[in-house]
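S.K.: Model the following, please.
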Amino acid sequence: MDDLLQTMTRVVNTLARGEIRFAVAGGCAVYARGGPPSGHDVDIFLRKQDVTPALHALRETGMKPVNPPEDWLAKVYDSDVLVDLIFSASGRDITDEFLDRATSMRVGSAVAPVVGATDLMIDKLNVLDAHRCDFVPMLQIARDLREQVDWPEVVDQTRASPYARAFLGLLDDLEIASTK
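M.R.: As a prediction, this is how the structure comes out:
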């Protein structure tokens, strides 16, 4: 987690200096909001039009851009730490309105806008499918963030996913959160 937080700090400070709108997302956002630490990568949400300036600014700090096959994000490496610059999350474009919902919070040694718990849960549930259906880490996240989440909004925004509906039913049955 220390390497992730150091990279995240470099990224958010670089983007802030470049006046590029963003929000910390993914595991770092969950951690900032009191959830379990993540050791995977750094996720940053930003608008599509800000990807090129962000890549340029991060390249100037020594980070190495790579060309991913996906069409909804860009990637850079800070040594061995991967940073995903995501402009479309689970089919939802990152917009000014989306970024406006982020809250300025301390994440490690940085203060940065952090994606809200409701948006985090929506995104995490909307990526569940037959190949990514591990509820175990999601249960801890839901338990740790439950008071910060607008559960009726999560239900509304994930209703098309049978995997999300199953997970939300499990939360009800375990009395972690009332989603009905």
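S.K.: by contact count, what packs against the longest helix seen in the chain?
M.R.: Looking across the chain with DSSP state H, the single longest helix is helix 2-17. Where contact means 3 or more Cβ pairs under 8 Å, 6 or more residues apart in numbering; DSSP states H and E, helix 2-17 is packed against helix 26-32, strand 42-45, helix 51-60, strand 73-78, strand 81-86, strand 103-107, strand 110-114. Every C-beta, even on glycine, is put in place using the N, C-alpha and C of the backbone.
S.K.: Burial-wise, tell me which of these comes out on top.
M.R.: strand 42-45 (a mean of 28; mean count of other Cβ atoms under 10 Å).
S.K.: what is the mean pLDDT for the longest helix of the chain?
M.R.: The average pLDDT for helix 2-17 rounds to 93.
S.K.: One more: stretch 139-149?
M.R.: 95.
S.K.: Can you tell me what sits against stretch 45-64?
M.R.: Residues from elsewhere that reach stretch 45-64 (Cβ atoms under 8 Å, 6 or more residues apart in numbering): 10-11, 14-15, 17-18, 20-25, 44, 65, 74, 76-78, 83, 85-89, 93-96, 98-99, 115.
S.K.: end-to-end on it?
M.R.: Start and end residues of stretch 45-64 are separated by 18 Å (Cα to Cα, to the nearest Å).
S.K.: So what's the gap between it and the chain middle?
M.R.: 17 Å (Cα atoms, centre = their mean, to the nearest Å).
S.K.: For L168, pull up the helix or strand it's in.
M.R.: Secondary-structure assignment from DSSP states H and E places L168 in helix 162-173.
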